[in-house]
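[1] Fold the following and give me the result.
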Amino acid sequence: MKFFRLSPLFLMLIIGSCSQISNEEERLPNIVIVFTDDQGYGDIGCFGATGFETPNLDKMASEGMKFTNFYSAQPVCSASRAGLLTGCYPNRLGISGALFPWHEIGIDDGEVTIAEMLKEKGYATAIFGKWHLGHHEQFLPLQHGFDEYTGIPYSNDMWPIKLDGTKAAPDEGRGNYPDLPLVEGNETIEMITSFAGQDKLTTLYTEKAVDFIHRNKAQPFFLYVPHSMPHVPLGVSDKFRGKSEQGMYGDVMMEIDWSVGQIAEALKANGLEDHTIFIFTTDNGPWLNYGNHAGSSGGLREGKTTSWEGGQRVPCIVKWPGQIPDGIVCNQLASSIDLFPTLASIVDGKLPDHKIDGVNIMELWKGNFASKPRKELYYYYGKNNLNAVRTGNWKLVFPHAYQSYEATVPANDGRGGRRIKMQVDSLELYNLMRDPGERYNVIDLYPEVVARLIEVGEEARADLGDLNTGAVGNGVREIGKLRK
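    Purely as a prediction, here's the structure:
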């Protein structure tokens, strides 16, 4: 028998190669979440968009999973962001609606965000975009798990600039609002006082995101990009201005799609594409009374600030090569509050000691659609109003008031049209499989379904309360208050 002696150099190469493979297998996956503002369900090519193209998002869907029954935590800004980052119904945290520049409240120190969970696992963390969970320093991202932050602290329409570009008087419109701050870390680095300042935001966030990827390629990272757009007032760079058939809204969506492409290219250039969970979704439905400056609900009923499907059902795409099957469509019920526990299960992260409402949907990501991890969904809005509940394909709507977009013609070119106050006077039942537009109330046909969903509503009220009925709820925590 012959024995061959291996040279020390050859042995070192083999050992080094094995070590590299082992390190790659053991390294936790990077996580990227792109979260747009007021984008409609029908505003991506693969969800039916017309008048503009979204090739990068369509490619992402063809290489990952598209969700057709995915819901924001609530149909409005601050609440939906609180839900995404904490895995909780936002009313559990005391957060409702949208926070304003004069508010002295925000996310409480005791709440745990995705970023905080991931930092405990050694992740670098960054947010580039709109925060909207409190603008005072104690509420800002660096105090809630993020290493880096550049963006605006609340919505981009919370400023005193009129459509003609001039500043409103204190007693005129939004004249009592301060100029819009651009924040880096905990410090304001610039005041945005013109539409030109809004035009640069999407590109700015994208450049920051790409730079973060390059700088952190050697360690696991969490990158959160909550774009300010396509919330009004619309802003778009010269790269895309006038490029779409639909007009400025289409231009803005094309730039957001470009942003997704830039992030994808940065991942690929650094050899990270196959080792990154990439998620795209939005905070709520479109602000329909802005007409051609608003998105499309894709045929769903109503839009933002309502508990009809157009307000809360949102597009979602998830890509994770080798783990999520390519080009697959998930029709099962899921929500942005499910991302926290799902990501925690993947990285073996610690869930908060307090209650959260999200469920682990990893089985859905694997393509196991026989699994139904989310059994029900609560539709809350306002201060703490339970407006509807869903189980399976059934949705029971409770009596409540809402502002309708469909009862009047919207305005255009940056002006908001009127909304008409409407009232649901009695229980309504919809089969969302056959009637996603909620046009046919079948309350009299399925009494057993109604009885079951009423029980779900009572469980929600016992836990989270309901101002519609006066129920207090025993599971609501205190919102964060500014320390004097």
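
[2] doesn't Asp58 make contact with Cys46?
    Yes - with contact defined as Cβ atoms under 8 Å, Cys46 reaches Asp58; the gap is 4.8 Å. For the C-beta atoms, the positions are set from N, CA and C on the backbone; glycine is no exception.

[3] Now the common contact residues for these two.
    When Cβ atoms under 8 Å, 6 or more residues apart in numbering defines a contact, no residue borders Cys46 and Asp58 alike.

[4] residue ranges with poor pLDDT in the protein?
    1-25 (pLDDT under 70).

[5] Can you give me the domain boundaries for it?
    Domains of the chain are assigned by automatic domain parsing as 28-374, 379-481.

[6] ends of the first one, how far apart?
    The first and last residues of domain 28-374 sit 26 Å apart, counting by Cα to Cα, to the nearest Å.

[7] Tell me where the stretch 1-150 of the chain has strands.
    30-36, 65-71, 105-106, 124-128, 148-151 (DSSP state E, counting those that start in this stretch).

[8] that older thread, as CSV, the domains of the chain with mean neighbour count would be great.
    Compiled in CSV, these are given as follows (neighbours: other Cβ atoms under 10 Å):
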stretch, mean neighbour count
domain 28-374, 21
domain 379-481, 17
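
[9] and Leu288, what does it touch?
    Contacts of Leu288 (Cβ under 8 Å, 6+ apart): Ala294, Ser297, Glu302, Gly303, Lys304, Gly310, Tyr405, Glu406, Pro410.

[10] what's the nearest residue to the second one if we skip its chain neighbours?
    Spatial nearest neighbour of Ser297, excluding adjacent residues (Cβ to Cβ, 6 or more residues apart in numbering): Gly310 at 3.4 Å.

[11] now His406, what's its secondary structure?
    One thing to correct before we go on: residue 406 is Glu, not His. Following DSSP: H, G, I helix; E, B strand; the rest coil, the label given to Glu406 is coil.

[12] nope, Ile213 is what I was after
    helix.

[13] Quick check: it vs Gly457, distance?
    44 Å (Cβ to Cβ, to the nearest Å).

[14] Next: Leu427.
    10 Å.

[15] Which residues are in contact with each of the two?
    Common neighbours of Leu427 and Gly457 (Cβ under 8 Å, 6+ apart) are Leu396, Phe398.

[16] which residues of the protein fall in helices?
    8-26, 55-62, 77-86, 114-119, 195-199, 201-215, 248-269, 309-312, 339-347, 362-365, 447-464 (DSSP state H).

[17] of the ones you listed, which approaches Ile189 most closely?
    With Cβ to Cβ as the criterion, Ile189 lies closest to helix 201-215 of the helices of the chain, at 11.2 Å.

[18] got the contact list for the closest one?
    124, 126, 128-129, 148, 150-152, 156, 221, 223, 225, 227-229, 235-237, 239, 252, 255-256, 258-259, 262-263, 266-267, 270, 272.

[19] redo that, cut-off 6 Å
    Identification of contacts with helix 201-215 by Cβ atoms under 6 Å, 6 or more residues apart in numbering yields 126, 128-129, 150, 223, 225, 228-229, 235, 237, 255, 259, 262-263, 266.

[20] if I pick Ser336, what's in contact with it?
    Ser72, Ala73, Gly83, Leu84.

[21] Ok, which of the strands of the stretch 1-150 of the chain comes nearest Arg415?
    Closest to Arg415 of those is strand 30-36 (Cβ to Cβ; 21.9 Å).

[22] list the helices and strands that closest one packs on?
    Counting contacts by 3 or more Cβ pairs under 6 Å, 6 or more residues apart in numbering; DSSP states H and E, strand 30-36 packs against strand 221-226, strand 276-282.

[23] Turn the helices of the chain into a markdown table, including distance to Gly470.
    Listed next are the helices of the chain as a markdown table, based on distance: least, Cβ to Cβ, whole Å:
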| stretch | distance to Gly470 |
| --- | --- |
| helix 8-26 | 53 |
| helix 55-62 | 44 |
| helix 77-86 | 21 |
| helix 114-119 | 34 |
| helix 195-199 | 42 |
| helix 201-215 | 42 |
| helix 248-269 | 41 |
| helix 309-312 | 24 |
| helix 339-347 | 31 |
| helix 362-365 | 37 |
| helix 447-464 | 9 |
